[in-house]
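> Sharing a model prediction with you, sequence too.
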Amino acid sequence: MKRVQYHRFGGPEELQLEDVAQPEPGPDQIRVQVRAAAANPMDWKIRRGEMKMLSGSRFPRGLGHDFAGIVGAVGPGAFAESVIAEEKNTALKPLAISFEQAAALTLVAVTAWTGMVQKAQVSAGQSVFIAGCLGGVGRAAVQIALMNGAGITGSCSAAGREEALALGVSEVVDYHEFDFARYRKRFDVVFDTAGKLSLSQCSVMLKRRGRSLHIVPTMAKIIGSLLSSRHSLVFGNPTLETLTSVTIACERGQLIPDIGRIVPLSEAIPTIVELEKTGLPKGKLVVVPGGRTGAGRLGFIFADWTD
């Protein structure tokens, strides 16, 4: 089978589309025929070696973590024709959404759910600030906050203002002109999905019992989150409970991904490199090894570290 992989940490030039043996599942694992896979910034951070403490240094390593597909075998990098996944980190794909939509939504929705619901416990009437409200995690966080009845202020580029308002953000701030001091003690939750806010800036913006959430783990934020319960790092935790909650929200139309472009596996490497360098396309980049899929009857959604 074909797989996008690399043999050492480094830049985009390390990516290769290569033939590899069909993987066999071990105990509590399943083999999934990938119908669609989505790109995330985490993919190239791991490739660069920036997250080796979490990912390990085993090679060759497949690229990609989000996918949706069909279970091909039960027993023991998502940009491939088949992947091995831990059964505990998979869930049935909602029938109403396509494989492309499922792949585009999984990791960002799981991360946003972990932050907004499990850590911050956002509830009706609360005030939430989301930095990067039109990014993958930011967009999902906005939709989850709305589901829970919170009021939302969000930052994005000036060009994204109308899109953010249409998404449900009630007050949109141009991040180029953002002044945290104007929002002193204004929010119950500050969710920095863009890695733009310091912990001290978040503290100024928070109410007395407020919490800040962060998905970009700088050393200052790692130390700060260990020293204060007010600040938390957020990592997507694909438990069955979380995946089930995300699935229900999808079926109700409350969580909808934004897909920017869909390409075949043969075009995955140059398109991923373009995304890494330019940030384009806007919206999720989805790779479909077997061509466009549409809505499938049975499949799985996932997020995992298995390669």
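It's in.

> can you list the weak-confidence ranges in the chain?
For the chain, the stretches with pLDDT under 70 are 74-77, 291-307.

> What distance do you get for residue 97 to residue 274?
Distance from residue 97 to residue 274, counting by CB to CB, to the nearest Å: 26 Å. Where you see a C-beta, it was placed from the backbone N, CA and C, and this is true even at glycine.

> Compare those two and say which is more crowded by neighbours.
residue 97 (23 against 15; other CB atoms under 10 Å).

> Quick check: the more buried one touching residue 250?
Yes - counting by CB atoms under 8 Å, residue 97 touches residue 250, with 5.5 Å between them.

> okay, and the common contacts of these two?
Residues touching both residue 97 and residue 250 (CB atoms under 8 Å, 6 or more residues apart in numbering): residue 105.

> Name the nearest residue to residue 269, sequence neighbours excluded.
residue 15 (4.8 Å; CB to CB, 6 or more residues apart in numbering).

> Next one: that neighbour from residue 127, what distance?
From residue 15 over to residue 127 the distance is 43 Å, taken as CB to CB.

> mind checking the SS state of the residue nearest to residue 283 when sequence neighbours are not counted?
Using CB to CB, 6+ apart and skipping residues adjacent in sequence, the residue nearest residue 283 is residue 260, 2.8 Å away. What DSSP: H, G, I helix; E, B strand; the rest coil gives for residue 260 is strand.

> How many residues are close by residue 260?
If we define neighbours as other CB under 10 Å, then residue 260 has 15 of them.

> same thing with residue 49?
Count around residue 49 with other CB under 10 Å applied: 13.

> tell me which element the residue nearest the centre of the chain falls in.
Nearest residue to the geometric centre of the chain (CA atoms, centre = their mean): residue 108, 2.4 Å. Residue 108 belongs to helix 99-113 when assigned by DSSP states H and E.

> Next: residue 207.
In this assignment (DSSP H and E), residue 207 forms part of strand 206-214.

> elements contacting that strand?
strand 187-192, helix 199-205, strand 231-233 (3 or more CB pairs under 8 Å, 6 or more residues apart in numbering; DSSP states H and E).

> List the pairing partners of it within its sheet, with orientation.
strand 187-192 (parallel), strand 231-233 (parallel) (DSSP bridges).

> pull the CA atoms of that strand into PDB?
Backbone C-alpha positions of strand 206-214 (Å, rounded to 0.1, in the frame of the first residue of the first chain) are rendered in PDB as follows:
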ATOM      1  CA  LEU A 206     -10.200  36.700  33.400                       C
ATOM      2  CA  LYS A 207     -12.800  37.100  36.100                       C
ATOM      3  CA  ARG A 208     -11.800  36.100  39.700                       C
ATOM      4  CA  ARG A 209     -12.600  32.400  39.200                       C
ATOM      5  CA  GLY A 210     -12.000  32.300  35.500                       C
ATOM      6  CA  ARG A 211      -9.700  29.800  33.600                       C
ATOM      7  CA  SER A 212      -7.500  30.100  30.600                       C
ATOM      8  CA  LEU A 213      -6.900  27.300  28.100                       C
ATOM      9  CA  HIS A 214      -3.900  26.800  25.800                       C
END
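
> what about stretch 60-78, how long is it end to end?
14 Å (CA to CA, to the nearest Å).

> whoops, I mixed them up, stretch 182-191
Stretch 182-191 end-to-end distance (CA to CA) = 17 Å.

> hmm, who's touching that stretch?
115-116, 120, 122, 126-131, 138, 141, 150, 153, 197, 202, 204-213.

> now do stretch 14-22
Contacts for stretch 14-22 (CB under 8 Å, 6+ apart): 1-8, 31, 47, 60, 63, 80, 82, 265-266, 268-269, 272-273.

> Residue 95 versus residue 250, what's the distance?
Taking CB to CB, one finds residue 250 at 10 Å from residue 95.

> Show me which of the two is the more surrounded one.
Of the pair residue 250 and residue 95, residue 250 is the one with more neighbours under other CB under 10 Å, namely 22 against 11.
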